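**Student:** A structural model of the following input is requested.
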Amino acid sequence: MLVPINIPPGVFRNGTEYQSKGRWFHTQLARWFASANDKVALQPVGGWRAVIDADTDEQVDVDEPIRGMYGWRGDDGTVYLAFGTFEAAYAFHLGVLTDITPSGFTAGTEDATVTDGGAYGEGIYGEGPYGGVVSDITHEIVEAGSWQFDNYGELLIAVAFPDATIYEWDLDTGNDLTAVSNAPSANAVVVTEEGHIMALGADGDRRLVQWSDSEDRTDWTPTETNEAGDHPLSGAGECLAGRRARGQTLVWTDKDLWSFRYVGGDLIFQVVQVGQNCGAISRHSMIGVDSRFFWMSKRGFHSFDGYTRDLPSEVSDYVFSDFNWIQQSKVAAGSIAEFGEVWWFYPSAGSNENDRYVVYNYKLDIWYIGSIERTSVWDRGPQRLPLMADAQGQLWTHEDAYDYPKPVSGEYTPSAESGPVEIGDGDRVAFISYIVPDDKTEGDVTAELLFKFEPDGAETSSGVITLSQRTSVLHEARMVRIKLVEVNENWRVGTIRLDVRPGGRR
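**Tutor:** The predicted model follows:
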């Protein structure tokens with residue numbers, strides 16, 4: 001009797017391996033995708049290639065972690081990319097890298113630090129459901145240096161933490177970033193749909209939002225004839241980031257989410273708190289896709305589509321129980337809209353850099369996980385392919401063929417591993433004679449079946465099997481797990497079947 005191993009798409013990792021029975025337990029560089037004429041199938045994540053500097057004919061490499069990236073088009077239609085490290089800023093245009101670090105720039109630190117050597121318990125900093133708290137609340141985490149960018153027309157607008165100066169760049173590669181005249185200091189910046197530059201955390205007030213006149217980026221003093229103004233946010237927490245949304249500008253603090261909706265007149269903006277206890281975990285932990293926004297907080301994941309919603313995650317235990325909370329400011333979000341995915345890169349407990357990722361597929365409403373070192377992301381938009389950066393300061397185009405270069409140590413072979421699948425009702429021993437691949441596989445992946453009689457019992461392996469034809473396995477078990485590993489690129493895996501004969505009770 002052929003019994004299909006019907007494991008639904010997505011990873012379940014909230015609990016033990018046995019609690020993930022009948023589900024996928026782990027993935028590495030693997031995703032689920034439904035093409036127009038196909039059912040949902042497991043397949044590899046696209047690979048990456050080095051971005052080449054036309055001047056040097058070598059990979060773009062700035063030797064420091066890139067934290068903050070932005071792409072846009074100039075008035076001439078050509079694509080510009082800006083990115084920054086903790087102590088410099090760069091522009092990349094027509095294949096040429098240019099250092100545009102402003103004069104007098106105040107550098108940040110490569111890693112987040114704990115002031116005065118404060119001691120921390122294991123788990124989350126300050127609050128949350130996943131572990132310890134600060135053992136001495138007089139000590140604080142000073143976040144790693146990073147940049148935020150936006151565009152004002154074709155001009156680049158930028159601010160870095162902790163430098164706090166709002167800069168502009170006129171696209172002339174012979175010029176550096178220069179301070180925007182009359183602008184306040186800020187910890188973050190965003191440009192509204194109406195053309196106001198918003199300074200978040202303005203003039204040293206962590207919850208003050210101040211904006212320029214919509215007609216003049218250098219006019220920040222409110223008068224009866226302009227639209228400059230400010231608004232202090234109520235409550236606690238500090239402004240971290242802002243994003244343009246349809247008909248409004250969203251501002252995240254580390255505690256909550258606010259909407260600034262342009263109304264004009266004396267009020268200029270109607271300011272409404274649209275989310276509580278859902279603050280962002282970092283300045284780059286949010287991403288907008290179409291009319292929806294997604295972000296990571298210290299407590300989980302959230303979305304906004306006019307309403308703020310908690311985003312239930314089937315991998316949140318895995319993510320937040322092994323997390324370097326001191327380096328939480330490095331969390332970076334990005335999207336790969338082609339596949340309906342939002343990616344978050346984060347540092348595991350044993351790493352000071354982002355070495356893991358978690359993906360939410362909003363088209364299929366599933367999650368998957370894996371390990372790769374990436375510090376910043378920019379989805380395809382003005383450029384042809386998504387861009388990502390690693391902690392060495394190297395740029396990569398992603399979803400570019402199926403090569404997986406290793407700039408650092410790590411296992412970059414696509415794979416997937418299931419939790420236990422009970423055969424029948426799990427109360428009888430079954431004799432498994434063959435494994436039968438689906439017609440998509442054609443030897444492109446190997447499989448290993450791992451058999452058990454009890455959840456906490458020893459596993460017996462079938463050995464590695466190339467899934468190209470019906471293959472003998474000859475094992476008895478009550479439950480079986482399956483590991484799939486790539487052999488050839490661009491594979492697909494649908495439903496795998498086992499030839500099973502019922503046995504007795506055991």
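
**Student:** drop to CA atoms for contacts and neighbour counts, all remaining ones
**Tutor:** Will do.

**Student:** residue ranges with poor pLDDT in the chain?
**Tutor:** For the chain, the stretches flagged by pLDDT under 70 are 36-38, 116-139, 407-410, 424-427, 439-441, 503-506.

**Student:** how close does the spatially most central residue of it get to E373?
**Tutor:** Nearest residue to the geometric centre of the chain (Cα atoms, centre = their mean): W344, 1.8 Å. W344 sits 11 Å away from E373, taking Cα to Cα, to the nearest Å as the criterion.

**Student:** repeat for T109
**Tutor:** Distance of T109 to E373, given as Cα to Cα: 19 Å.

**Student:** okay, the two: which has more neighbours?
**Tutor:** E373 (23 against 16; other Cα atoms under 10 Å).

**Student:** and the more buried one, which of the three is it?
**Tutor:** With DSSP: H, G, I helix; E, B strand; the rest coil as the basis, E373 sits in coil.

**Student:** In contact with it, which residues?
**Tutor:** Residues in contact with E373, defined by Cα atoms under 8 Å, 6 or more residues apart in numbering, are F345, E353, N354, D355, R356, D390, A391, V408.

**Student:** could you redo the last one with a cut-off of 6 Å?
**Tutor:** Applying Cα atoms under 6 Å, 6 or more residues apart in numbering, we find E373 in contact with N354, D355, D390.

**Student:** hang on, the second one packs against I372?
**Tutor:** Yes. A contact is recorded between D355 and I372 when judged using Cα atoms under 6 Å, the distance being 5.2 Å.

**Student:** I'd like the contacts of E373 written out as CSV, with distance to A241 added.
**Tutor:** Shown next, in CSV, are those (distance: Cα to Cα, whole Å):
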residue, distance to A241
N354, 20
D355, 23
D390, 22
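
**Student:** And those residues, which is closest to M1?
**Tutor:** Closest approach to M1 among those (Cα to Cα): D355, at 43.6 Å.

**Student:** Can you give me the distance of the closest residue to the closest one other than its chain neighbours to D390?
**Tutor:** Closest residue to D355 apart from its sequence neighbours, by Cα to Cα, 6 or more residues apart in numbering: E373 at 4.3 Å. Applying Cα to Cα, the value for E373 to D390 is 6 Å.

**Student:** And for M69?
**Tutor:** Taken as Cα to Cα, the span from M69 to D390 is 12 Å.

**Student:** Could you do A447 as well?
**Tutor:** If you measure A447 against D390 using Cα to Cα, the figure is 31 Å.

**Student:** The residue nearest to D355 and Q394, how far apart?
**Tutor:** From E373 to Q394 the distance is 11 Å (Cα to Cα).

**Student:** swap in T249?
**Tutor:** Applying Cα to Cα, the value for T249 to Q394 is 32 Å.

**Student:** G457 now?
**Tutor:** The spacing between G457 and Q394, counted by Cα to Cα, is 45 Å.

**Student:** more crowded one of those two?
**Tutor:** Ranked by neighbour count (other Cα under 10 Å), G457 and Q394 place Q394 first, with 21 against 9.

**Student:** Enumerate the beta-bridge partners assigned to that one.
**Tutor:** Beta-bridge partners for Q394, by DSSP bridges, are D61.

**Student:** repeat for the one 4 residues further on
**Tutor:** Using DSSP bridges, the bridge partners assigned to H398 are W48.

**Student:** wait, it sits on P386?
**Tutor:** Yes. Between H398 and P386 there is a contact at 5.3 Å, judged by Cα under 6 Å.

**Student:** Compare these two and say which one has the larger neighbour count.
**Tutor:** Taking other Cα under 10 Å, H398 and P386 do not tie; H398 has more neighbours (26 against 22).

**Student:** how about stretch 164-179: buried residues?
**Tutor:** By neighbour count with 16 or more other Cα atoms under 10 Å, stretch 164-179 contains the buried residues A164, T165, I166, Y167, E168, W169, L171, T173, D176, L177, T178, A179.

**Student:** Run through the residues that contact the first one.
**Tutor:** Read that as A164. Counting by Cα under 6 Å, 6+ apart, A164 has contacts S185, A186, N187.

**Student:** ok, now D390?
**Tutor:** Counting by Cα under 6 Å, 6+ apart, D390 touches E373, R374, T375.

**Student:** Quick check: closest non-adjacent residue to it.
**Tutor:** Using Cα to Cα, 6+ apart, the closest residue to D390 is R374 (4.4 Å).

**Student:** returning to that earlier point: and the strand or helix carrying the residue nearest to the centre of the chain, what other elements does it pack with?
**Tutor:** Assessed by DSSP states H and E, W344 sits inside strand 341-346. Contacts defined by 3 or more Cα pairs under 6 Å, 6 or more residues apart in numbering; DSSP states H and E place strand 341-346 against strand 332-336, strand 356-361.

**Student:** So what angle separates the directions of the longest one and strand 341-346?
**Tutor:** Going by axes from the mean of the first three to the mean of the last three Cα atoms, to 10 degrees, strand 356-361 is angled at 160 degrees with respect to strand 341-346.
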